[in-house]
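A.B. asks: everything below, folded, please.
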Amino acid sequence: MKPLALIAALLAGAAPATALAETVYVSNERANLISVIDGATLAVKASWPVGKRPRGIILSRDGRHLYICASDENAVQVVDVATGQVIADLSSGEDPEMFALSVDGKTLFASNERDAQVTAIDIAGRRVAFQTVVGVEPEGMATSPDGKWVVATSETDNKLHWIDIASASLKDETEVGIRPRHAEFTADGRQLWATAEIGGTLHIIDVATRRQTAQISFSVPGVPAEKILPVGVRFTPDGKQALVALGRANHVAIIDVATQKVTALVPVGQRVWHLAISADGTRAYAANGLSDTLSVIDIAAARVVATIPLARAPWGVAVGK
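C.D. replies: Residues are numbered from 1 along each chain as shown. You can find the predicted model right below:
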């Protein structure tokens, strides 16, 4: 392990993390940079300049390109991961926030916060395929495993908006808690899990009916309820656990999917925003926006095993080879 990674692990108060042959990409929205982290050493190996206020970040299905929501550029940028260079700017509507990728990897769906719409981008053709009006201030995006739905979380309307991809039309709405931020489908496509930041809740939706079947609330010892602001949510590859970033509560919650119960709370950095999980499901990477760090979490042990200094205001996280 390199010295910087060892120091980071010691600062986290834990043994050094197990090496993984993967690469972690983190958007730093106030530095206009992508931090590139070696999963084996947990050292930042590169910093790639991108457009202004990078937020949402997602890898192409083949792992060759990184797509960035350059929110203040009103563009989606395509980065060649082999060179770290921006190779294209794709039109995406105003203020793109987050992405979802179609099942076949050919279409990007970007939420346009100021336009109150979702823009579907034909990646190969580098053109807008369609735009669909949704609720006010859409942010989170998710595509269903069967390729039928793309869902946007509309912060001001407190709703999830369901777009039928084949017809490019809005088909349904689901009311959830206050200020929904992020959504993820379960691997079997039967449920959608969505966080409500100001509501302090996580909502579980039956996809067949588009109606809520359960709601999870969070309590963190010593943390006022108004600081528990769930944002990012991700499932482990085996689908047995979900991890939720709790914002200014400075914790990540681990949830047993079968019982829908919180099984652990992991202290991390300040204002944890989004996270990603390694391909083998052993660790999670959580972006701490006010600490300017990335917390590396051993999921089985439910503890931070390394803390990596980054640039300014890390926001989104993606993991590739």
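A.B. asks: please make it C-alpha for all contacts and neighbour counts, starting now.
C.D. replies: Noted.
A.B. asks: can you give me the strands in the stretch 1-150 of the chain?
C.D. replies: Applying DSSP state E, counting those that start in this stretch to the stretch 1-150 of the chain gives strands spanning 23-28, 33-38, 43-49, 54-59, 65-70, 75-80, 85-91, 96-101, 107-112, 117-122, 127-133, 138-143, 149-154.
A.B. asks: so which of those strands is nearest residue 234?
C.D. replies: strand 138-143 (11.3 Å; C-alpha to C-alpha).
A.B. asks: just send the strands of the stretch 1-150 of the chain back as a markdown table, with mean neighbour count, distance to residue 297 and mean pLDDT too.
C.D. replies: Shown next, in a markdown table, are the strands of the stretch 1-150 of the chain (neighbours: other C-alpha atoms under 10 Å; distance: least, C-alpha to C-alpha, whole Å; pLDDT from 0 to 100):
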| stretch | mean neighbour count | distance to residue 297 | mean pLDDT |
| --- | --- | --- | --- |
| strand 23-28 | 26 | 13 | 98 |
| strand 33-38 | 23 | 15 | 98 |
| strand 43-49 | 17 | 15 | 97 |
| strand 54-59 | 26 | 20 | 96 |
| strand 65-70 | 26 | 23 | 96 |
| strand 75-80 | 23 | 27 | 95 |
| strand 85-91 | 16 | 30 | 93 |
| strand 96-101 | 28 | 23 | 93 |
| strand 107-112 | 28 | 29 | 96 |
| strand 117-122 | 24 | 33 | 96 |
| strand 127-133 | 16 | 37 | 96 |
| strand 138-143 | 28 | 23 | 96 |
| strand 149-154 | 28 | 27 | 98 |
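A.B. asks: which of the ones you listed sits closest to residue 269?
C.D. replies: Between residue 269 and these, the shortest separation by C-alpha to C-alpha is 15.0 Å, and it involves strand 23-28.
A.B. asks: pairing partners for that closest one, with directions?
C.D. replies: Pairing partners of strand 23-28, with direction, according to DSSP bridges: strand 33-38 (antiparallel), strand 314-320 (antiparallel).
A.B. asks: quick check: which of those strands is nearest to residue 97?
C.D. replies: Checking the strands paired with strand 23-28 against residue 97 by C-alpha to C-alpha gives strand 314-320 as the closest, at 10.2 Å.
A.B. asks: got the angle for the closest one vs strand 54-59?
C.D. replies: Put simply, strand 314-320 runs at 10 degrees to strand 54-59, going by axes from the mean of the first three to the mean of the last three C-alpha atoms, to 10 degrees.
A.B. asks: quick one: the helices in this structure?
C.D. replies: Listed in chain order, the helices of the chain (DSSP state H) span 3-11.
A.B. asks: geometric centre of it: which residue is closest?
C.D. replies: residue 274 (4.7 Å; C-alpha atoms, centre = their mean).
A.B. asks: quick check: closest non-adjacent residue to it.
C.D. replies: In space, and not counting its chain neighbours, residue 274 is closest to residue 232: 4.5 Å by C-alpha to C-alpha, 6 or more residues apart in numbering.
A.B. asks: so who does that neighbour touch?
C.D. replies: Residues near residue 232 by C-alpha atoms under 8 Å, 6 or more residues apart in numbering: 181-183, 195, 244-246, 273-275.
A.B. asks: the residue nearest to the centre of the chain contacts residue 231, doesn't it?
C.D. replies: Yes. Counting by C-alpha atoms under 8 Å, residue 274 does reach residue 231; the two are 6.7 Å apart.
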